[in-house]
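>>> Got a predicted structure plus its sequence, pasted below:
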Amino acid sequence: MSLDPVTLATPFFILAIILEVALARLGRTRTNYEAKDTAASLVMGLGSTVAGLLVGGVVAAATLYVYQHRLFDIPMTAVWAWIAIFLLEDLTYYWFHRLSHERRFWWAAHVNHHSSQHYNLSTALRQTWTGGVAGTWALWLPLAFLGFPPAMIAIQKGISLVYQFWIHTEAIGKMPRWFEAVFNTPSHHRVHHARNPRYLDRNYAGVLIVWDKLFGTFQPELDEEPCRYGIVKNLGDFNILRVAFHEWAGMLGDVARHPRHALGYLFGPPGWSHDASRQTSCDLRAEWQAGQARQTEPPPRSKVA
């Protein structure tokens with residue numbers, strides 16, 4: 001059995017959440033906790049663990065099968081191999097995360113992570129129950145095909161998830177400039193969880209923020225625009241089944257009502273509709289940008305008689 005960084009870090013996760021709650025109660029941080037919201041996050045995290053166990057065999061079997069047809073033999077004992085898998089796994093995570101926001105089928109599995117209107121360490125545990133069904137785990141199979149041992153891939157994925165826990169907080173402002181320039185931080189990830197049009201679909205990074213800067217999806221957190229958390233249309237309740245499945249239900253309902261446009265409703269961007277009656281993130285950002293432009297336009301000059 002390979003080392004599981006997430007299992008090893010779980011006691012730290014619990015203690016960190018307790019500490020953040022205590023600091024918030026003492027007024028030492030601006031972090032907000034709501035009992036029902038936190039409970040929903042914890043139940044989603046527990047359900048995600050169970051769901052992961054149910055599909056774990058399929059994922060492991062697929063990874064082992066691909067590894068048996070690998071191109072190279074990459075040793076787990078080589079330092080260069082760990083550097084390489086760190087970079088390649090983090091790049092894979094960036095594209096997985098971007099796909100999970102930009103295409104509705106995979107957004108349906110990921111949206112629950114964004115459904116909290118609060119941003120605290122418990123939000124990190126609000127994870128999907130349906131990611132295995134959505135099949136995004138297949139994006140990591142090329143690493144096995146290259147020759148990285150399955151255990152090595154699993155360990156690096158776990159390290160990435162452990163890293164991403166601490167960035168789900170408002171208790172930490174901005175890190176030193178050199179750190180903010182290279183790594184994903186609480187500031188960068190607050191932007192990712194914000195529903196402000198300026199911030200939508202930005203900062204997909206796992207560990208390294210450089211991917212967002214390279215592929216044009218980076219947006220810094222601005223003091224003049226505080227983050228508003230949640231999704232564009234917030235759920236308004238804490239029904240755990242609704243949290244877990246509401247987007248799947250909405251998507252399949254759209255397909256049933258408009259079968260001729262099924263592909264668009266399944267694989268178009270979230271908010272896409274065949275009659276343009278809804279708004280995607282791009283639409284919302286364009287509308288916001290147009291409003292900003294109108295505000296900065298100089299007043300018309302009066303004609304001189």
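Looks like it came in fine.
>>> next helix or strand past the helix or strand containing Ala39?
Ala39 is part of helix 35-67, with elements assigned from DSSP states H and E. With elements assigned by DSSP H and E, the helix or strand that comes after helix 35-67 is helix 79-102.
>>> Who are the packing partners of that following helix?
If contacts are counted by 3 or more Cβ pairs under 8 Å, 6 or more residues apart in numbering; DSSP states H and E, helix 79-102 sits against helix 104-110, helix 141-146, helix 150-165, helix 210-215. In short, each C-beta sits where N, CA and C put it, glycine included.
>>> Show me what counts as buried in it.
Neighbour counts over helix 79-102 (16 or more other Cβ atoms under 10 Å) mark 81-82, 85, 88-94, 96-102 as buried.
>>> do the same with stretch 30-37
In terms of neighbour count (16+ other Cβ under 10 Å), stretch 30-37 has its buried residues at 31, 33, 37.
>>> Surely the last one touches His118?
Yes. Using Cβ atoms under 8 Å as the test, Asp37 is close enough to His118 to be in contact (5.5 Å).
>>> what's the burial count for the residue nearest to Gly132 when sequence neighbours are not counted?
The shortest distance from Gly132 to any non-neighbouring residue, by Cβ to Cβ, 6 or more residues apart in numbering, is to Val55 (3.2 Å). Neighbourhood size, Val55 [other Cβ atoms under 10 Å]: 15.
>>> For Val55, give me its contacts.
Residues near Val55 by Cβ atoms under 8 Å, 6 or more residues apart in numbering: 132-133, 137.
>>> In space, what's closest to Trp95 - neighbours in sequence excluded?
Nearest to Trp95 is Leu139, by Cβ to Cβ, 6+ apart, at 6.7 Å.
>>> Ramachandran angles for the one you found?
Backbone torsions of Leu139, given as degrees, to the nearest 10, read phi -70, psi -20.
>>> Which pLDDT value belongs to it?
Note on Leu139: pLDDT of 98.
>>> how close does Lys174 get to Phe215?
Per Cβ to Cβ, to the nearest Å, Lys174 is found 22 Å from Phe215.
>>> what's the answer for Trp95, then?
Counting by Cβ to Cβ - Trp95 and Phe215 are separated by 9 Å.
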